[in-house]
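*Asks:* Need the 3D shape of this:
(chains A and B)
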Amino acid sequence: MKTLLKISLIGLLILISFFTQAQITADQVLDKVKDNMNANSTITESKMVIRGKRNTREIVSKGYAEGNEKSFTEYLSPEREKGTKMLKLEDKLWIYNPSTDRTIQLSGHMLRQSVMGSDLSYEDMMEDRELKEIYEATIVGEEKIGDRNCYVLELNAIVEDVSYQTRKTWVDTERFVPLKEDLFAKSGQLLKRVKLEDVKEIDGRWYPTKINYKDMLMSGEGTDFIVLDIQFNPEIPDYIFNKASLKR
Amino acid sequence: MIQFILKGIIRDKNRSLLPIIIVALGVTLTVFLSGYLAGVFQDVIQQNARFETGHVKIMSKAYAQNKDQLPIDLALLETDKLKDELQAEYPDMQWVQRIKFGGLLDVPDDEGNSRSQGPAAVMAVSLLSENTQELDRLNIRNSIIKGNLPKENGEVLISNDFADRLEIEIGDEITYVGATMYGSMAFQNYTISGTVKFGNIGFDRGAVIMDISDAQQILNMENGATEILGFFNNEQYQSESAEDIVKKFNAQYENTGDEFAPEMQSLEDQNGLGEILAYSNYMSQIIVTVLILAMSVVLWNTGLLGGLRRYKEYGIRLALGESKGSIYRKSIIEAILIGAIGSIIGTLFGLLATYYMQEVGLDISDLLNQSSMIMPSTIRAKIIPSQLYIGFIPGLVAMVLGNMLSGMGIYKRETAHLFKELEV
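*Replies:* Now for the predicted structure:
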């Protein structure tokens, strides 16, 4: 009798979890992704592997971020890049270069330029709004990426000023980490493809530690962004997100 | 006899004035349009050659495929060696290295913050080396509006309009922000030594000219260039020679499989200039042909009307015993003289109009505000040797042709009819 009860309970739980999963909405998926990927603050040490036509370069940097609107990055190597700093406050981006001792605010078409020759643009770095604020999301199916089952989400822009009109995102159904993303222009042309790999459990959240950005309009294998170390929700002193810290 | 006919032409204005005016007008139009087209097309070709295409241009194969995007990461390397080889192989040409790239110019305020900014199109040429021909080729000396040529590394020229827009003066410091050929960030401070105006909308909008060694340093492109341009020593484009050089040069690298191997293109292979050259020739031929035909038809009619008006005179001359052939020949000689007078006047007026357009020109800068094509902002005509005959011959031919056709009537006339018309 007890065994029958156990089996019934397990069956009921499976059914509940099945229905719960089946009824999950796109917005809920995005919320769960946000819980994994976003934090009040982060300090990240990372390496960018940029594969050019003639050589491959590795750039190491340390980044501080608070919410979505404040970030500060200092490039640590190679020698040519060492000491270059970037500060983003809301929609403004300043770059400091030690060789010229100048702090320059980037704007306009310069924001569409590549960051350090990578497949990432400054505009990509600048986007700080939550996906739910600028896109209407729909789950359009389920697919496998490697051995992971994923929800396929289609995101259509609901505001005008977005870099990508449509996004297609594959989100792990269990860990709620995006594993792949295709970014499209208004014309429907695929502009960029992002692959997120090496998902690790860090501080109780699932986080991809290797992200490959591929500009689909350029040849090559894209740029790898490798997370060497990441701290979630550390205390970051206010002076970091100040223009004065660029020259410090 | 010619003197006799000439006197008749001068004394009887009813006989000569209208045909001379028509011939002169037609010839003026032909001569002026030829000079105008020659000037416009030659200006476009020369501006493109000097600033953009050279008479031939060498790029890496990969760069050539994407040259509109100015992909500096696909630049040619070891260009000094390549340039020396080219100079030895083709001594009747001058070879120069250039780098074109884009970036942002930032002007600091007193506290070093960005005061103004603008996107810059940088052209790096040989400014500081001795015996450089680039200053003359690009007419840089004469294009300076304020200040001087750069005297040392770190000094640049900036287009006058751009300087006005950024509100900068000679001696001010600006910062260039861009990327190196390997994608790293490129920052460099420069001092403005002078401002230039080329009369070319594309360049005057946002150009910066710096020495090529400065560009090589900032772009991490030591001993490299995005392009090597070849110019014939007489600075005149020679289509057949250029094609021969292109074939011979490209044959060396045909099967290398290296995307950074050099590739040569002639002026005609670039920027649609081949089509413009062909178009200019066709247009000149079409305009001259149409004008000859139109003038012939008008003069034929004028000749017919004149002939009809002079039927009484022809009748009397026939009655006096002059042969039909003699009258016909004299009318042709008369036509030759009238055609010659009209053509000389027309050629003179055409040359004068061309000279005026050559010296003064027509400012079309307002029409080119949105244009990215290398076009002179002032259209100028050009006096060319062919203008001396290009209007004269059709003017003469049309007049004679018109009179020959109208004079045919003389042979069809019966003496009896003439007497009847004379009411004798």
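*Asks:* Enumerate every residue touching residue 149.
*Replies:* Here I'm looking at chain A. Residue A:149 makes contact with A:142-143, A:172-174 under the criterion CB atoms under 8 Å, 6 or more residues apart in numbering or on different chains. Heads up, the C-betas are built off the backbone N, CA and C, glycines and all.
*Asks:* To clarify, I was referring to chain B.
*Replies:* If a contact means CB under 8 Å, 6+ apart, then residue B:149 has B:127, B:135, B:140-141, B:157, B:193-194 as its contacts.
*Asks:* Where do the helices of the stretch 51-200 of chain B begin and end?
*Replies:* B:61-65, B:79-89, B:134-137, B:140-143, B:160-166 (DSSP state H, counting those that start in this stretch).
*Asks:* Narrow the contacts of residue A:149 to those in strands?
*Replies:* A:142-143, A:172 (DSSP state E).
*Asks:* Can you tell me which of those are buried?
*Replies:* Using 16 or more other CB atoms under 10 Å in any protein chain shown as the burial test, these include residue A:172 as buried.
*Asks:* Chain B next: which of the ones in strands among the contacts of residue A:149 are close?
*Replies:* Among those, proximity to chain B is found for none (CB under 8 Å from any CB of the partner chain).
*Asks:* Same list, the ones in strands among the contacts of residue A:149, but as a markdown table with pLDDT please.
*Replies:* Formatted as a markdown table, these follow (pLDDT from 0 to 100):
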| residue | pLDDT |
| --- | --- |
| A:142 | 94 |
| A:143 | 95 |
| A:172 | 96 |
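*Asks:* Tell me the one among the ones in strands among the contacts of residue A:149 nearest to chain B.
*Replies:* residue A:172 (32.1 Å; CB to the nearest CB).
*Asks:* Now do the SS call for residue B:231.
*Replies:* Secondary structure, DSSP: H, G, I helix; E, B strand; the rest coil: residue B:231 is strand.
*Asks:* in the sheet, who's paired with it?
*Replies:* residue B:94 (DSSP bridges).
*Asks:* Distance check, it against chain A.
*Replies:* From residue B:231 over to chain A the distance is 29 Å, taken as CB to the nearest CB, to the nearest Å.
*Asks:* excluding its backbone neighbours, what's nearest the closest residue to chain B within chain A?
*Replies:* In chain A, the residue found nearest to chain B is residue A:117; the distance is 1.3 Å by CB to the nearest CB. Leaving aside its chain neighbours, residue A:117 sits nearest to residue B:183 (1.3 Å; criterion: CB to CB, 6 or more residues apart in numbering or on different chains).
*Asks:* surely that neighbour meets residue A:55?
*Replies:* No - taking contacts as CB atoms under 8 Å, residue B:183 lies outside contact range of residue A:55: 9.4 Å.
*Asks:* Toward the C-terminus, what is the element adjacent to the lowest-mean-pLDDT helix or strand in chain A?
*Replies:* Ranked by mean pLDDT, DSSP states H and E, the weakest helix or strand in chain A is helix A:2-22, scoring a mean of 54. Following helix A:2-22 in sequence order, the next helix or strand is helix A:26-37 (DSSP states H and E).
*Asks:* Number of residues surrounding whatever residue of the stretch 151-300 of chain B ends up closest to chain A?
*Replies:* Distances between the stretch 151-300 of chain B and chain A by CB to the nearest CB are smallest at residue B:183, namely 1.3 Å. Residue B:183 has 24 neighbours, counted by other CB atoms under 10 Å in any protein chain shown.
*Asks:* Tell me the pLDDT of it.
*Replies:* For residue B:183, the pLDDT comes out at 83.
*Asks:* Does anything pack onto the host helix or strand of residue A:124? Which helices or strands?
*Replies:* Residue A:124 is part of helix A:122-126, with elements assigned from DSSP H and E. Here helix A:122-126 touches strand A:92-97, going by 3 or more CB pairs under 8 Å, 6 or more residues apart in numbering or on different chains; DSSP states H and E.
*Asks:* okay, now the closest residue to residue B:90 other than its chain neighbours: neighbour count?
*Replies:* Once flanking residues are discounted, residue B:90 sits nearest to residue B:245: 6.1 Å by CB to CB, 6+ apart. Other residues near residue B:245 come to 22 when the count uses other CB under 10 Å.
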